[in-house]
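Chemist: sequence isn't available, so here's the structure alone:
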């Protein structure tokens with residue numbers, strides 16, 4: 001089974017794991033699951049770091065990915081094309097790309113963001 005972490009789930013898993021629900025933590029610690037993070041999340045963290053909205057340096061990002069044994073999911077044309085069919089339930093461009101990616105790949109998304117539930121067909125774990 002593949003699992004895709006959204007950006008905040010990744011950040012919490014690294015710095016505040018007590019904020020993650022039991023169900024989401026069980027999924028994250030399932031050694032049989034292929035845990036993934038979108039390259040979009042890496043970009044989001046880097047941009048927010050540069051703007052001073054987040055204190056999460058590149059080294060912490062790399063270490064968190066290694067510690068959680070995450071695979072980095074590339075963002076391709078099929079994911080971008082999925083944005084054309086994505087309703088505007090969520091305005092954040094990073095989240096919209098991650099949602100489109102999860103739908104295109106048919107991967108459950110680990111997220112606490114309740115607005116993601118508005119997307120038909122999106123499997124959410126929280």
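Modeler: Noted; the coordinates are in hand. Note that the structure is predicted; figures quoted are calculated from it, not measured.
Chemist: what comes up buried for the helix or strand that contains residue 66?
Modeler: If you go by DSSP states H and E, residue 66 is part of helix 58-67. Applying a neighbour-count criterion of 16 or more other Cβ atoms under 10 Å, the buried positions in helix 58-67 are 61, 64, 65. In this view, the C-beta of every residue, glycine as well, is placed from N, C-alpha and C.
Chemist: got those as TSV, with pLDDT columns?
Modeler: Formatted as TSV, the entries for the buried residues of helix 58-67 read as follows, by pLDDT from 0 to 100:
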residue	pLDDT
61	98
64	98
65	98
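Chemist: and of those, the nearest to residue 21?
Modeler: Looking at the buried residues of helix 58-67 and their distance to residue 21, the nearest is residue 64, at 18.8 Å (Cβ to Cβ).
Chemist: so who does the closest one touch?
Modeler: 10, 13, 14, 70 (Cβ atoms under 8 Å, 6 or more residues apart in numbering).
Chemist: now do it against residue 102, distance only.
Modeler: Counting by Cβ to Cβ, to the nearest Å, the separation of residue 64 from residue 102 is 20 Å.
Chemist: how many other residues sit next to residue 94?
Modeler: For residue 94, the tally of surrounding residues (other Cβ atoms under 10 Å) stands at 18.
Chemist: skipping adjacent residues, who's closest to it in space?
Modeler: Setting aside the residues directly before and after it, residue 94 is nearest to residue 44 in space (Cβ to Cβ, 6 or more residues apart in numbering), at 4.2 Å.
Chemist: what pLDDT, on average, does whichever strand or helix holds that neighbour get?
Modeler: Following DSSP H and E, one finds residue 44 within helix 39-50. The predicted model assigns helix 39-50 a mean pLDDT of 98.
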